[in-house]
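S.K.: Here is a sequence with its predicted model. Questions after.
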Protein chains: 2
Amino acid sequence: MIGAIMNAPARVIPLRPPDTPALFNPQARVCADCGVRRFALFGALDLQGLDQIHVDIVETRLRPGQPLYEAGQPGVAAFTVRAGLVRLERTNAQGERRVLRLAGRSDLVGMESMLGQTYAADAIACTEVQACRLPHGLIESLTRREPALALDLMKRWQRALDDADEWLVELGSGSARQRMLRLLLKLSEYGEEGATLWLPSREQIGSMLGMTLETASRLVSALKREGVIETVDKRHVRVAMPRLLAALGSSAG
Amino acid sequence: MIGAIMNAPARVIPLRPPDTPALFNPQARVCADCGVRRFALFGALDLQGLDQIHVDIVETRLRPGQPLYEAGQPGVAAFTVRAGLVRLERTNAQGERRVLRLAGRSDLVGMESMLGQTYAADAIACTEVQACRLPHGLIESLTRREPALALDLMKRWQRALDDADEWLVELGSGSARQRMLRLLLKLSEYGEEGATLWLPSREQIGSMLGMTLETASRLVSALKREGVIETVDKRHVRVAMPRLLAALGSSAG
DNA sequence: CGAAAACTTGATTAGCATCAAACCAGGTGG
DNA sequence: CCACCTGGTTTGATGCTAATCAAGTTTTCG
């Protein structure tokens, strides 16, 4: 594959390409070395393609609470999340905020920008976030040159749709306790290392599960007492997966 | 446009093209005369294109309760809903069924089939349904010939995603009464004629709003007493929109 | 007509929202 | 350094909402 950079016949890409001296632009190098490239939007692109697109890609860093974009703004770019967690949320007719779903490593958010639409939701950093900004013009021109990318994009949309449905089905009904347990299960999918996962503020848990922050607090406290979760620091807990699964199973067999 | 069939320069299509004697295949005629074509997937195609694709398109009719497809089945075709209402629903880990959203006239469902995936949900007819079956192979080959179709498809996905988010935000929180009122508002978007709309069974309302069928029944009864809705027949009601909006406004200003 | 399914209505209870108060950690300024 | 403040969190007391259990009624359909 590395040899192929110069005479480019290939589509197959190794999981993490070794050094690639043929790339001229520094950002192209960053892209080539990116740990999520294989899973991200440009996984279908070869390195030569990368060398041509680098120019417009900007890496963005956000602190917890900072918005990546906001609902209603003209959509100028999509974003690949490289690290951290982003939450998508909307305000309903009654003015209550509601978290729609989360996006983590290798997820693509703000795809509506590629259709000339305004952003459909607020995207806000939950943790420290690293993201790559992909201007919509770039993607349009790339799709023309590389039709496989269009298929890749469609798969992205379908994944987002699956995620949305999953949140509705798993977190949308059942008792408060069940929803809390299922949320922990979901958060553990994004878990960085081991059984340690990021725990949202009580208010955010409420906004994800459709309950008050007091109820969320009581549930978290109860699960700590029961040894299902264990405090690591203010925003992180370690989860005893067997107990979590047992708790889920016992509440509705 | 009719003249253009023979020398085809056009992309502009009248809302409902008059007789088109130049088309040979009967199904192509059906497509050309289709009332939703302008809004449906092949709106971007000219009539000549239609004449070439007709062969694989089959019109399907369903009675209330019949499935269009089922979750987990290999996705062999997407469907454009021409008339009636289809509900998408899934069973969660605890075995409860949950309605994800509805699809009505001109909506496209089962798009995941075009990505070689199995269907992600059950699609079940709520009312009498007419749908056009679009085999995934057809769409693939068409996309190659007509790149604009890919963009059209992406817009479809985004619309589905918007719908999903909307359901979560609007029907996912608030009191049972508020959710019921918002559901009526949503159902009225699909309303056929005037203020008359299809009313789901109490069990289905429960499955859409995350409540028991008894609560749904009580709410429907109460709204009838209050004159917000009025029985037309077992499955249809007329809605007094001003009262509905007033009820929505008063319960949460 | 009779049985099954869908719907309605009532009584009771459990679960969660609401209101209220106290607690804690972190940061600021005197 | 300590007093103070602020925002997030915990915990308690109380009441309302909707689930549950239980009949009874209407509709549908063989």
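M.R.: Nice, I can see it. Here the structure is a predicted model, which means the values were calculated and not measured.
S.K.: check contacts around residue A:222.
M.R.: residue A:177 (Cβ atoms under 8 Å, 6 or more residues apart in numbering or on different chains). Glycine gets a C-beta too; all of them are placed from N, C-alpha and C.
S.K.: near DNA strand D at all, the helix or strand hosting it?
M.R.: Assigned by DSSP states H and E, residue A:222 belongs to helix A:213-225. Yes. Against DNA strand D, helix A:213-225 shows contacts by Cβ under 7 Å from any atom of the strand at A:213-214, A:217-218, A:220-221.
S.K.: So among those residues, which ones count as buried?
M.R.: Neighbour counting with 16 or more other Cβ atoms under 10 Å in any protein chain shown marks A:218, A:220 as buried within the residues of helix A:213-225 next to DNA strand D.
S.K.: quick revisit: what's the model's confidence in the helix holding residue A:222, averaged?
M.R.: Per-region confidence: helix A:213-225 scores 98 on mean pLDDT.
S.K.: The helix or strand that comes right after that helix: partners in the sheet, and parallel or antiparallel?
M.R.: Once the chain leaves helix A:213-225, the next helix or strand it forms, by DSSP H and E, is strand A:229-233. Sheet pairing for strand A:229-233, assigned by DSSP bridges, gives strand A:236-239 (antiparallel).
S.K.: Now the next helix or strand after the strand it pairs with - C-alpha only, PDB.
M.R.: Sequence-wise, the next helix or strand downstream of strand A:236-239 (DSSP H and E) is helix A:241-251. Extracted as PDB, the C-alpha positions of helix A:241-251 are listed here (Å, rounded to 0.1, in the frame of the first residue of the first chain):
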ATOM      1  CA  MET A 241     -20.700  -5.200  34.600                       C
ATOM      2  CA  PRO A 242     -22.000  -8.600  36.000                       C
ATOM      3  CA  ARG A 243     -24.000  -6.700  38.700                       C
ATOM      4  CA  LEU A 244     -25.300  -4.300  36.100                       C
ATOM      5  CA  LEU A 245     -26.500  -7.100  33.900                       C
ATOM      6  CA  ALA A 246     -28.000  -8.900  36.900                       C
ATOM      7  CA  ALA A 247     -29.800  -5.800  37.900                       C
ATOM      8  CA  LEU A 248     -31.200  -5.400  34.400                       C
ATOM      9  CA  GLY A 249     -32.200  -9.000  34.300                       C
ATOM     10  CA  SER A 250     -33.900  -9.100  37.700                       C
ATOM     11  CA  SER A 251     -36.100  -6.000  37.100                       C
END
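S.K.: helices and strands around helix A:241-251, which ones?
M.R.: helix A:176-189 (3 or more Cβ pairs under 8 Å, 6 or more residues apart in numbering or on different chains; DSSP states H and E).
S.K.: neighbouring contacts of the helix or strand following the helix it packs on?
M.R.: With elements assigned by DSSP H and E, the helix or strand that comes after helix A:176-189 is strand A:196-198. For strand A:196-198, contacts defined as Cβ under 8 Å, 6+ apart pick out A:85, A:126-127, A:184, A:187-188, A:190-192, A:232, A:235-239.
S.K.: Do any residues in strand A:196-198 lie close to DNA strand D?
M.R.: No. Using Cβ under 7 Å from any atom of the strand, strand A:196-198 stays clear of DNA strand D, coming no nearer than 11.5 Å.
S.K.: And the helix or strand just after that strand, what's buried?
M.R.: Next along the chain after strand A:196-198, taking DSSP H and E as the criterion, comes helix A:202-209. For helix A:202-209, burial by neighbour count (16+ other Cβ under 10 Å) applies to A:202, A:204-209.
S.K.: Enumerate every residue touching the residue lying closest to residue A:171 once chain neighbours are set aside.
M.R.: Nearest residue to residue A:171, sequence neighbours excluded (Cβ to Cβ, 6 or more residues apart in numbering or on different chains): residue A:179, at 5.3 Å. Applying Cβ under 8 Å, 6+ apart to residue A:179 gives the contacts A:171-173, A:209-211.
S.K.: ok, 10 Å please
M.R.: A:170-173, A:205, A:208-211, A:216, A:219 (Cβ atoms under 10 Å, 6 or more residues apart in numbering or on different chains).
S.K.: what's the closest of these to residue B:68?
M.R.: Comparing the contacts of residue A:179 against residue B:68 with Cβ to Cβ places residue A:172 closest, at 22.9 Å.
S.K.: Kindly tell me how buried that closest one is, as a neighbour count.
M.R.: Residue A:172 has 23 neighbours, counted by other Cβ atoms under 10 Å in any protein chain shown.
S.K.: list the contacts for it?
M.R.: A:165-166, A:179, A:182, A:209-210, B:92, B:98, B:100, B:167-168, B:171-173, B:209-210.
S.K.: on that earlier part again, I'd like the distance from the helix holding residue A:222 to the chain centre, please.
M.R.: 26 Å (Cα atoms, centre = their mean, to the nearest Å).
S.K.: Now do that helix against helix A:202-209: the angle between them, please.
M.R.: Orientation check (axes from the mean of the first three to the mean of the last three Cα atoms, to 10 degrees): helix A:213-225 against helix A:202-209 gives 100 degrees.
S.K.: Now look at helix A:213-225 and say if it contacts DNA strand C.
M.R.: Yes. Residues of helix A:213-225 contacting DNA strand C under Cβ under 7 Å from any atom of the strand: A:214-215.
S.K.: Dump that helix to CSV, keeping only the CA atoms.
M.R.: What follows is helix A:213-225 as a C-alpha-only set of coordinates in CSV (Å, rounded to 0.1, in the frame of the first residue of the first chain):
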residue,chain,number,x,y,z
LEU,A,213,-32.4,15.5,38.2
GLU,A,214,-33.5,14.5,41.7
THR,A,215,-34.7,11.1,40.5
ALA,A,216,-31.4,10.7,38.6
SER,A,217,-29.4,11.5,41.7
ARG,A,218,-31.4,9.1,43.8
LEU,A,219,-30.8,6.3,41.3
VAL,A,220,-27.1,7.0,41.0
SER,A,221,-26.8,6.9,44.8
ALA,A,222,-28.7,3.7,45.0
LEU,A,223,-26.6,2.0,42.4
LYS,A,224,-23.5,3.1,44.3
ARG,A,225,-24.8,1.6,47.5
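S.K.: Go through chain A and flag its longest helix.
M.R.: Longest helix of chain A, by residue count under DSSP state H: helix A:148-171.
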